[in-house]
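# here's my sequence, what's the structure:
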Amino acid sequence: MSYYFYSILFIIGLAVGSFLNVVIFRFKPENAIFDLKKINGRSACPYCQKTLRWRELIPLVSFFIQSGKCRSCGHKLSWQYPFVELLSGLVFVAVPYILYPESYAISAVWILILLIFILISVIDFRHFIIPDELVWLLLFLGAAFIFLQTQTPNLDFFNQSFLRHYALLFGWPENIWFNHLFSALVSGVFFGLMFFLGKGKTLGEGDIKLGFALGWLLGWPDTIVALTLSFLIGGVAGFVLMASRKKTMKDFLPLAPFLITGTVLTIFFGYRIVSGYFSLMRI
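Predicted coordinates for the structure are as follows:
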């Protein structure tokens, strides 16, 4: 594919990221995530409520031209706007370029999955809640991904795992449907036990559902690597926040952003991470 094609994909991704911001900022925990009554309507400054003109709505560009401020009231705007737009643009480029250049259909599925990851991460960060509708969408897209893998003959055996041949070291169920179901059950039970032992204080029910969905998406043994990375990143982040006195041991951190970060790292770099670990251990 040409650089022109990827440039178009990036621009489309920026526009989709702008829409994701609309969904995120207008989301209320008591409403459905895609409540059309809330999503519809002209965009306005969240502070002065003035309707934005077209030149104030150009993804990524408008934020920096306006120095991150509203042109009307001068109030500083959230960095979430360019962050989500940029992430969305990168998703549209990275998936077909790195993951599945040989399959447009699988690339489309994973683009949707990663966009939902963005929604879940930011919403959980803002509201400490994971909408059930998004988890159901992940389960559906996971089933679509598994089905497409079975229908794509040019994907070799080891491409079923993001860890490639290292998957064999963990006892890999070769039947792809059983593999992903087994992974989902292991992940779901793991988070269920954490919820039970922590009496609901360490994580919420939404985290259990998300854990099950991530296991379903990744399959075995990729889920092990994703969870390990997630808790390592979460532990480091928690330590830094406590060391800087921004958080205490009694404060609650949203788990979804860390789970999804570990999952994304596994998807794009899982093979390299495991390979680097074994090289370090001289295995």
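
# hey, let's count contacts and neighbours off CA atoms from now on
Fine.

# now stretch 121-141: buried residues?
121-125, 128-131, 134-135, 138-139, 141 (16 or more other CA atoms under 10 Å).

# which members of these are positioned in strands?
Among those, no member is found in strands (DSSP state E).

# turn the residues you listed into a markdown table, columns for pLDDT and distance to residue 22.
Below are the buried residues of stretch 121-141 laid out as a markdown table (pLDDT from 0 to 100; distance: CA to CA, whole Å):
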| residue | pLDDT | distance to residue 22 |
| --- | --- | --- |
| 121 | 96 | 15 |
| 122 | 95 | 12 |
| 123 | 94 | 12 |
| 124 | 93 | 16 |
| 125 | 91 | 16 |
| 128 | 90 | 18 |
| 129 | 92 | 17 |
| 130 | 93 | 17 |
| 131 | 93 | 16 |
| 134 | 95 | 16 |
| 135 | 96 | 19 |
| 138 | 97 | 20 |
| 139 | 97 | 24 |
| 141 | 97 | 23 |
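
# list the contacts of residue 223.
Contacts for residue 223 (CA atoms under 8 Å, 6 or more residues apart in numbering) come out as 183, 187, 214-215, 263.

# quick one: the helices in the stretch 51-200 of the chain, in order.
Along the stretch 51-200 of the chain, the segments classed as helices by DSSP state H, counting those that start in this stretch run 61-65, 80-94, 104-127, 132-150, 176-197.

# go through those and name the closest to residue 243.
Judged by CA to CA, the one of the helices of the stretch 51-200 of the chain that comes nearest to residue 243 is helix 104-127, at 20.2 Å.

# which of the helices of the stretch 51-200 of the chain sits closest to residue 26?
helix 104-127 (10.5 Å).

# phi, psi for residue 49 please.
When read as degrees, to the nearest 10, the backbone of residue 49 gives phi 70, psi 10.

# burial count for residue 13?
25 (other CA atoms under 10 Å).

# what's the closest of the buried residues of stretch 121-141 to residue 237?
residue 125 (13.6 Å).

# state the distance from that closest one to residue 217.
22 Å (CA to CA, to the nearest Å).

# where does the protein have its least confident helix or strand?
helix 36-39 (a mean of 64; mean pLDDT, DSSP states H and E).

# next one: stretch 263-280 to chain centre, how far?
18 Å (CA atoms, centre = their mean, to the nearest Å).

# which residues sit against it?
Residues contacting stretch 263-280 (CA under 8 Å, 6+ apart): 98-99, 162-164, 166, 214, 222-223, 225-227, 229-230.

# do stretch 143-156 as well
The contact list for stretch 143-156, computed with CA under 8 Å, 6+ apart, reads 102-103, 105-106, 109-110, 160, 176-177, 217.

# what of stretch 2-15?
Contacts for stretch 2-15 (CA under 8 Å, 6+ apart): 59-60, 85-86, 88-93.

# pull out the buried residues from it.
6, 9-15.

# equivalent analysis for stretch 173-188, please.
Buried, per 16+ other CA under 10 Å, within stretch 173-188: 173, 176-177, 179-188.

# any chance of those in TSV, plus distance to residue 238 and pLDDT?
Converted to TSV, the buried residues of stretch 173-188 look like this (distance: CA to CA, whole Å; pLDDT from 0 to 100):
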residue	distance to residue 238	pLDDT
173	35	70
176	36	88
177	36	91
179	33	91
180	31	93
181	31	94
182	30	94
183	27	94
184	26	96
185	28	96
186	25	94
187	22	95
188	23	94
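
# now, which of the buried residues of stretch 121-141 sits nearest residue 24?
Checking the buried residues of stretch 121-141 one by one against residue 24 (CA to CA), the nearest turns out to be residue 123, at 6.4 Å.

# any idea how far the closest one lies from residue 257?
9 Å.

# then residue 20?
16 Å.

# same thing with residue 122?
7 Å.

# what of residue 59?
Taking CA to CA, one finds residue 59 at 23 Å from residue 257.

# then residue 30?
If you go by CA to CA, the gap between residue 30 and residue 257 works out to 21 Å.
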